[in-house]
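Participant: Task: produce atomic coordinates for the following.
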Amino acid sequence: MLDLELLRSFVSVVEAGGFTRASERVHRTQSTVSQQIKRLEEDVGQVLLHRDGKDVRPTEAGERLLSYARRLLALAEEARDVLREPDGGAVRLGIPEDFAAYRLAKLLGAFARSHPNLRLDVRADQSKNLARDLERGELDLALFKRAAGGKDAIAVWPEEVHWVTSKSHPVDVNLPSVPLIGFPLGCLYRAGAIHALESAGRAWHMSYMSSSLAGIQAAVAAGMGLSILSEMSIQSDHRVLTAKDGFAPINKTEVALMAAPNASSATLRLADRLAEFCEDVQAKAA
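Facilitator: Got it, this is the predicted structure:
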């Protein structure tokens, strides 16, 4: 019999690329995770990982076991869900639009397939609306942006945001009034842009406003104005503006993951998947 906890640690080490980040995922010490991998290798009679300093990758046997391990863990989660919530239940998730467009759909699709009796209701919206609806009990789980330093979250990650202009049609940064592109009133980025400009004594006006991230990205590329975008939302036809261009960094923001007080087991499992996703995004950006 293969121990599911050992398999979970093995999958985490492979996906994280090392023992340190894997130990954070499974909430164990690094030495415990290392011992678990050793036990698993003894159980199957095979070396499963190549260890080269901090670099860890699966052996041929490890690659063969990896797909089985993922399927066994998914099946175990499905069985627990069926027993705990026979009717399947539902998870109402809120996410920012830039996350919706950034590989997150694949994660959510995989989660839905591994929980066939669970209804997953996903809504992409402005962060202020997501935070409000989570507090009202209209969402079970929310991933949203906020000013840095908040509390009471499952996890938080610092966010990189930048001033951007068009690469092909850059806006004259010395215009008497800076043309801004942004989301409607209440958007964290919009408020940050206005605060930064007014603190620098610069006039501004909204040249383009949209509730669609794609619309804002297109307007920036067309040279209709300047905007503030997260690092993951900046496209190849955008150019980042720096202090040399006269645009100081924006006040720090963060991405917070929060669940309702009465969150179901399925909701908390989805929260774990989202936390792993955000950690991977952060690691790749570092």
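
Participant: where are the low-confidence patches of the stretch 1-150 of the chain?
Facilitator: Within the stretch 1-150 of the chain, the set of residues satisfying pLDDT under 70 comprises 81-88, 100-102.

Participant: Show me where it has its helices.
Facilitator: 4-16, 19-26, 30-44, 60-84, 97-100, 104-114, 127-136 (DSSP state H, counting those that start in this stretch).

Participant: okay, these in a markdown table with mean neighbour count next?
Facilitator: The C-beta positions use only the backbone N, C-alpha and C, and glycine is treated the same way. Listed next are the helices of the stretch 1-150 of the chain as a markdown table, based on neighbours: other C-beta atoms under 10 Å:
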| stretch | mean neighbour count |
| --- | --- |
| helix 4-16 | 20 |
| helix 19-26 | 19 |
| helix 30-44 | 16 |
| helix 60-84 | 15 |
| helix 97-100 | 20 |
| helix 104-114 | 15 |
| helix 127-136 | 18 |
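
Participant: Could you dump the ones you listed into CSV with distance to A147 added?
Facilitator: Rendered in CSV, the data for the helices of the stretch 1-150 of the chain read as follows (distance: least, C-beta to C-beta, whole Å):
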stretch, distance to A147
helix 4-16, 29
helix 19-26, 25
helix 30-44, 33
helix 60-84, 35
helix 97-100, 17
helix 104-114, 23
helix 127-136, 10
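
Participant: What backbone torsions are found at the nearest residue to G182 once chain neighbours are set aside?
Facilitator: Take G182 and drop its neighbours on the chain: the residue closest to it by C-beta to C-beta, 6 or more residues apart in numbering is R190, 4.0 Å away. Backbone dihedrals for R190, given as degrees, to the nearest 10, come out at phi -60, psi -50.

Participant: so how far is S212 from R190?
Facilitator: Between R190 and S212 the distance, using C-beta to C-beta, to the nearest Å, works out to 14 Å.

Participant: With neighbour numbers in mind, choose between the two.
Facilitator: R190 (20 against 11; other C-beta atoms under 10 Å).

Participant: Isn't the more buried one up against F183?
Facilitator: Yes. Using C-beta atoms under 8 Å, R190 makes contact with F183 at a distance of 5.7 Å.

Participant: Quick check: nearest residue in space to A16, chain neighbours excluded?
Facilitator: That would be A22: by C-beta to C-beta, 6+ apart, it lies 4.3 Å from A16.

Participant: That neighbour: what's it in contact with?
Facilitator: Residues in contact with A22, defined by C-beta atoms under 8 Å, 6 or more residues apart in numbering, are S9, S12, V13, E15, A16, V33.

Participant: can you rerun that using 7 Å?
Facilitator: For A22, the residues meeting the contact criterion (C-beta atoms under 7 Å, 6 or more residues apart in numbering) are S9, S12, V13, A16, V33.

Participant: Pick out whichever of the residues you listed sits closest to L118.
Facilitator: Closest approach to L118 among those (C-beta to C-beta): S12, at 22.6 Å.

Participant: From A256, how far out is the closest residue to the closest one other than its chain neighbours?
Facilitator: Closest residue to S12 apart from its sequence neighbours, by C-beta to C-beta, 6+ apart: A22 at 4.0 Å. Counting by C-beta to C-beta, the gap between A22 and A256 amounts to 23 Å.

Participant: Repeat that for G17.
Facilitator: As defined by C-beta to C-beta, G17 lies at a distance of 25 Å from A256.

Participant: which one of those two has more residues nearby?
Facilitator: For G17 against A256, the residue with the higher neighbour count under other C-beta under 10 Å is A256, and the figures read 24 against 15.

Participant: What degree of burial does the spatially closest residue to that one that is not a sequence neighbour show, as a neighbour count?
Facilitator: Across the structure, with C-beta to C-beta, 6+ apart as the measure, the residue nearest A256 apart from its sequence neighbours is A153 (4.2 Å). A153: 17 surrounding residues under other C-beta under 10 Å.
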